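Peer 1: okay, predicted coordinates and the sequence, questions at the end:
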Amino acid sequence: MRPNINKDLLPIKAHYFLFNAGTAPVVPFMPTLAKQLGYSSIVVGTMYTILAVIGMLTKPLVGFLSDRYQRHRMLFISCEILTGLAFFLITFTPGVQKPLPVVELHHESITTVRYCSSDNCISTNLKNYFQNQTLTCKLHCQIESYMWNDVCKQCLHINPENCNRSSEYVDLIRDINMNDIGIEQLTDGETCMIFTVIPSDDDLEAAESQDCLDNSTYFNTTCELDCNNEYLHSQLAQSPVINNSDAVSLYQFWWFFGMLIISWIGMAAVVSIGDAICFAILGERGHLYGKQRLYGSVGWGIFSILAGILVDGMSNDGEKDYTVVFWMTAIIMALDVLASLKLKHTQTHLSPNILKDVGQMFLSMRCVIFFIWCVFIGLGTALIWNFLFWHLENLGSCQDSMKTLQGFVMAIQCFCGELPFFFSSGWILKKIGHINAMSLVLFGFGVRFILYSMLQDPWYVLPIELLNGVTFGLFYATMASYASIVAPPGTETTMQGLVGAIFEGIGVSTGSFVGGLLFDSVGGGHTFEIFGVSFFIAFIVHFCIQKYLQRHQSADTNGKQTPEQNSKDSINHINNSNSATQLTKDIAPTDTADKIQNA
């Protein structure tokens, strides 16, 4: 027996697959690319705050234009092209000239170079990379003039006349042993690496020990270290390399950020219009939305893990090379445009006053609670999108396969988390209702964040990602279908854009900014702990408020308040919504109270 394939749904399935496959290689890696470029968590958090606000403004605007002028497919395809092009151009981001590593030059009985960092893996990386090598390095050291002669003659065994000195600095060229690296643990958690400066010849070592025992010749000064070795410089680079105040003055920053802004505008429009087109094609079968959207999870999962493996495989020691992922995005997004040309979308109803109809949603208590819920989910989603990989890289800085791990993280999120929940979302929402699904999502975020805060080994994150089915798969299906239900006829695209704007523009933007500040001040583990506790509190508050409303108000769980003066209009709104009709088909139309509370 041949399977029954609905050919009308194939283009929207192809779009979800290709669009997510095209953005998967780049979107998750942008925060870590920004980190590699030298920007701090505060700068990255601020960038994503602005990006989310731009998405907030884009979604309702594009939705309004689509509904008003009936140009859904034209805007949809144009924004797909814009997204792919902007992401591809990020690969041409000019590099920033990074400053030389700053070290301390110490002398007691022997001369040493010290470098201190909170990254405990640097010494292991250097030993494994250099093994028994010796590097000849130039040290540009700050030094007081009265110390100058003693330093050169007694401690460094250089004739003062042969030292290249200025009034405040001394330039030294010395050999440094990269194999014998001493380790000193500081009380603040930092690790100091101690490199031995090799004397000019063996006979000088004894003389050095004797000449510099006198405390008067002891010195400790700060130096710039130039060993003409990119790997050493990348390992000893300051983190962040670029000061927060200096970032906005760099044209490299504005190229990178500008391309992100353009790509975010394109993605926001594609997501908003795409969901509205999907619900329009489905018509009365709105409960099948999750089964269309799951193809996006398949595309994201396959190409995210492929991208992670390719980045690790094509990168040399030191910095990661992301070139391959930008080419992947360009090619796949071009295929998405071709698939979208096959979409058949017509809107049979046009609201005569779109803004007024959508504005009435803010008079509904349940709609307002739904919007607040979207904001809170945006807070948590921002932390995962922008700082989970940052946290994993901090935990696994000794490991060379972090991009592969991050690819596996996204694959599990999609195949083992999102995909099953998207597939069964219609059944789940029918069984437990939208309100209970919202509470479940809040609880899932709380559990997920607490588990993140307890991580010690980054690879243990993999089983935690199963919760992505609840925190994204169930969440997204709930948000999209709820918005479709409450939207007055003819405003579906505008409503999808409004809800997406509230989620991203307010929730994700705030979460990005707060997450960046917390990461910088208290670290990743404590940040996830704070968010986890906050989501447990939000779960309790949301559950209690909804129970109160069910007992004291005549309101449906699809977001429609029905006070006596508006009950007829509200019921007509629900009955006229194709999606609502499907989701409430088992509810007796003559029983308003039951309809309100059980839809």
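Peer 2: Arrived safely, thanks for sending.
Peer 1: any idea how far residue 257 lies from residue 457?
Peer 2: 34 Å (C-beta to C-beta, to the nearest Å). Any C-beta I mention is one placed from the backbone N, CA and C, and that applies to glycine too.
Peer 1: show me which of those two is the more surrounded one.
Peer 2: A direct count of neighbours by other C-beta atoms under 10 Å for residue 257 and residue 457 places residue 257 higher, at 22 against 9.
Peer 1: relative to residue 44, how far out is the more buried one?
Peer 2: Distance, residue 257 to residue 44, using C-beta to C-beta: 10 Å.
Peer 1: and the helices in the stretch 1-150 of the chain?
Peer 2: Secondary structure of the stretch 1-150 of the chain (DSSP state H, counting those that start in this stretch): helices located at 10-23, 30-37, 41-69, 72-89, 122-130, 148-150.
Peer 1: of all the ones you listed, which lies closest to residue 333?
Peer 2: When those are compared by C-beta to C-beta, helix 72-89 sits nearest residue 333, at 2.9 Å.
Peer 1: only the buried residues of the closest one, if you could.
Peer 2: The neighbour-count check on helix 72-89 (16 or more other C-beta atoms under 10 Å) flags 72-73, 75-77, 79-80, 82-89 as buried.
Peer 1: which helices and strands does the lengthiest strand in the chain pack with?
Peer 2: In the chain, taking DSSP state E as the definition, the longest strand is strand 169-185. Counting contacts by 3 or more C-beta pairs under 8 Å, 6 or more residues apart in numbering; DSSP states H and E, strand 169-185 packs against strand 111-117, helix 122-130, strand 134-142, strand 164-165, strand 191-198.
Peer 1: so what's the backbone phi/psi at the nearest residue to residue 141 once chain neighbours are set aside?
Peer 2: In space, and not counting its chain neighbours, residue 141 is closest to residue 223: 3.9 Å by C-beta to C-beta, 6 or more residues apart in numbering. Dihedral angles of residue 223 (phi, psi; degrees, to the nearest 10) stand at phi -140, psi 150.
Peer 1: any idea what residue 223 is bridged to?
Peer 2: For residue 223, the beta-bridge partners are residue 103, residue 141 (DSSP bridges).
Peer 1: can you tell me what sits against stretch 301-312?
Peer 2: The contact list for stretch 301-312 (C-beta atoms under 8 Å, 6 or more residues apart in numbering) reads 20-22, 24-26, 28-29, 320-322, 324-325, 328, 332, 400-408, 410-411, 413-415, 418-419.
Peer 1: kindly apply the preceding question to stretch 456-469 instead.
Peer 2: 388, 392-393, 395-396, 399, 402, 405, 408-409, 412-414, 416-421, 444, 447-448, 451-452, 455.
Peer 1: averaged pLDDT, that stretch. What do you get?
Peer 2: For stretch 456-469, mean pLDDT rounds to 92.
Peer 1: phi, psi for the residue nearest to residue 421 when sequence neighbours are not counted please.
Peer 2: In space, and not counting its chain neighbours, residue 421 is closest to residue 473: 3.1 Å by C-beta to C-beta, 6+ apart. Phi and psi for residue 473, reported as degrees, to the nearest 10, are phi -60, psi -60.
Peer 1: my read: residue 473 touches residue 429, true?
Peer 2: No. Taking contacts as C-beta atoms under 8 Å, residue 473 lies outside contact range of residue 429: 11.8 Å.
Peer 1: so who does the residue nearest to residue 141 touch?
Peer 2: Residue 223 makes contacts with 102, 103, 104, 105, 113, 139, 140, 141, 142, 172, as judged by C-beta under 8 Å, 6+ apart.
Peer 1: related to what we said a few turns ago, now that we have the contacts of stretch 456-469, which of them are buried?
Peer 2: Among the contacts of stretch 456-469, the ones that count as buried by 16+ other C-beta under 10 Å are 388, 392-393, 395-396, 402, 405, 408-409, 412-414, 416-421, 444, 447-448, 451-452, 455.
Peer 1: in helices, which of those residues fall?
Peer 2: Among the buried ones among the contacts of stretch 456-469, the members found in helices (DSSP state H) are 388, 392-393, 395, 402, 405, 408-409, 419-421, 444, 447-448, 451-452.
Peer 1: which residues sit in contact with the residue nearest the centre of the chain?
Peer 2: Central residue of the chain (C-alpha atoms, centre = their mean): residue 386, 2.2 Å from the mean position. Residue 386 makes contacts with 31, 44, 45, 48, 511, 512, 515, 516, as judged by C-beta under 8 Å, 6+ apart.
Peer 1: dump those residues into TSV; add neighbour count and pLDDT as well.
Peer 2: Formatted as TSV, these follow (neighbours: other C-beta atoms under 10 Å; pLDDT from 0 to 100):
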residue	neighbour count	pLDDT
31	24	88
44	27	87
45	28	85
48	26	87
511	29	91
512	30	88
515	31	90
516	27	87
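Peer 1: and the residue nearest to residue 412 when sequence neighbours are not counted, how many neighbours does it have?
Peer 2: Among residues not flanking residue 412 along the chain, residue 465 sits closest, at 4.3 Å (C-beta to C-beta, 6+ apart). Look at residue 465: counted by other C-beta under 10 Å, it has 22 neighbours.
Peer 1: where's residue 465 relative to residue 452, distance?
Peer 2: Residue 465 is 10 Å from residue 452, by C-beta to C-beta.
Peer 1: point out where the stretch 201-350 of the chain drops to low pLDDT.
Peer 2: Along the stretch 201-350 of the chain, the parts satisfying pLDDT under 70 run over 201-219, 238-241, 317-318, 345-350.
Peer 1: those helices in it, which residues are they?
Peer 2: Here the stretch 201-350 of the chain has its helices, by DSSP H, counting those that start in this stretch, at 203-211, 230-235, 244-247, 251-282, 289-314, 323-340.
Peer 1: now render those helices as a markdown table, adding distance to residue 184.
Peer 2: Output for these, formatted as a markdown table (distance: least, C-beta to C-beta, whole Å):
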| stretch | distance to residue 184 |
| --- | --- |
| helix 203-211 | 20 |
| helix 230-235 | 18 |
| helix 244-247 | 29 |
| helix 251-282 | 36 |
| helix 289-314 | 32 |
| helix 323-340 | 39 |
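Peer 1: and those helices: which comes nearest residue 135?
Peer 2: Closest approach to residue 135 among the helices of the stretch 201-350 of the chain is made by helix 230-235 (7.0 Å; C-beta to C-beta).
Peer 1: related to what we said a few turns ago, so which bits of the helix or strand harbouring the residue nearest to the centre of the chain are buried?
Peer 2: Using DSSP states H and E, residue 386 falls within helix 365-395. By neighbour count on 16+ other C-beta under 10 Å, the buried set for helix 365-395 is 366-367, 369-395.
Peer 1: so what's the gap between it and the chain middle?
Peer 2: With C-alpha atoms, centre = their mean, to the nearest Å as the basis, helix 365-395 stands 10 Å off its chain's centre.
Peer 1: tell me the angle of it relative to helix 30-37?
Peer 2: Angle of helix 365-395 versus helix 30-37, following axes from the mean of the first three to the mean of the last three C-alpha atoms, to 10 degrees, is 40 degrees.
Peer 1: so what's residue 514 up against?
Peer 2: Going by C-beta under 8 Å, 6+ apart, residue 514 touches 45, 379.
Peer 1: residue 551: how many residues sit nearby?
Peer 2: Residue 551: 8 surrounding residues under other C-beta under 10 Å.
Peer 1: leaving out the residues flanking it, which one is nearest to residue 122?
Peer 2: Nearest-residue entry for residue 122: residue 235, 5.2 Å, with adjacent residues in sequence omitted and distances by C-beta to C-beta, 6+ apart.
Peer 1: the one you found and residue 121 touch, don't they?
Peer 2: No. In this structure, residue 235 is not within contact of residue 121 by C-beta under 8 Å, at 9.2 Å.
Peer 1: show me the contact partners of stretch 288-295.
Peer 2: 9, 12-14, 16-17, 20, 275, 278-279, 282, 418-419, 421-426, 473, 476-477, 480-481, 484.
Peer 1: the closest residue to residue 429 other than its chain neighbours: neighbour count?
Peer 2: Distances taken as C-beta to C-beta, 6+ apart put residue 437 closest to residue 429, at 5.9 Å, once the chain neighbours are dropped. As a burial measure, residue 437 scores 22 neighbours (other C-beta under 10 Å).
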